[in-house]
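Chemist: 3D, please:
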Amino acid sequence: MEKKDYLIARELKRKLSEVVKVVDLIVFGSRSRGDHDEYSDMDVSIEVESVDKGLKEKIADIAWEVGFDNFMVISPLVFTTDEIKNSPLRSSPILKSITEGGVRL
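Modeler: Residues are numbered from 1 along each chain as shown. As a prediction, this is how the structure comes out:
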């Protein structure tokens with residue numbers, strides 16, 4: 001992952017931490033692999049202890065603000081710890097891709 005992308009992801013995590021306890025944040029996809037182009041978005045997996053519709057909207061707003069300030073689209077996927085550990089999601093291809101190919105901050 002490029003330094004610029006790492007710094008943007010750190011800024012995102014810092015701003016998210018002001019409104020929610022971030023259990024884990026992982027950048028995945030083309031930005032983590034380094035095969036992105038100038039128009040690629042930043043895919044981010046955000047693990048929180050619990051979430052509701054209002055918090056998901058706040059997370060999306062923060063991702064948009066950080067992306068806007070850095071001329072990048074940030075695409076957040078929000079999961080709870082329970083979903084990752086105890087639901088069928090734990091066996092999903094997307095979660096496997098995130099954990100195996102992502103960059104954890």
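Chemist: hey, let's count contacts and neighbours off CA atoms from now on
Modeler: Will do.
Chemist: low-scoring stretches of this structure, by residue?
Modeler: Residues of the chain meeting the criterion pLDDT under 70: none.
Chemist: quick one, phi/psi of the one residue sitting closest to the centre of the chain?
Modeler: Averaging the C-alpha coordinates of the chain gives a centre point, and the residue nearest to it by Cα atoms, centre = their mean is Val44 (2.1 Å). Val44 adopts backbone torsions of phi -130, psi 130, taken as degrees, to the nearest 10.
Chemist: list the contacts of it.
Modeler: Leu25, Ile26, Val27, Phe28, Ile74, Ser75, Pro76, Leu77 (Cα atoms under 8 Å, 6 or more residues apart in numbering).
Chemist: for Lys53, state which of those residues is nearest.
Modeler: Lowest distance from Lys53 to those (Cα to Cα) belongs to Leu77, with 13.2 Å.
Chemist: burial of the closest residue to the closest one other than its chain neighbours, as a residue count?
Modeler: The spatial neighbour of Leu77 that comes closest, neighbours along the chain excluded (Cα to Cα, 6 or more residues apart in numbering), is Ser45 at 4.8 Å. Using other Cα atoms under 10 Å, Ser45 has 22 other residues around it.
Chemist: which SS class is Ser45?
Modeler: What DSSP: H, G, I helix; E, B strand; the rest coil gives for Ser45 is strand.
Chemist: got the buried residues for stretch 79-95?
Modeler: Neighbour-count burial for stretch 79-95 flags Phe79, Thr80, Thr81, Glu83, Leu95 (criterion: 16 or more other Cα atoms under 10 Å).
Chemist: grab the nearest non-local neighbour of Gly30.
Modeler: No Gly there; residue 30 is Ser. What sits nearest to Ser30 in space, not counting adjacent residues and going by Cα to Cα, 6+ apart, is His36, at 4.8 Å.
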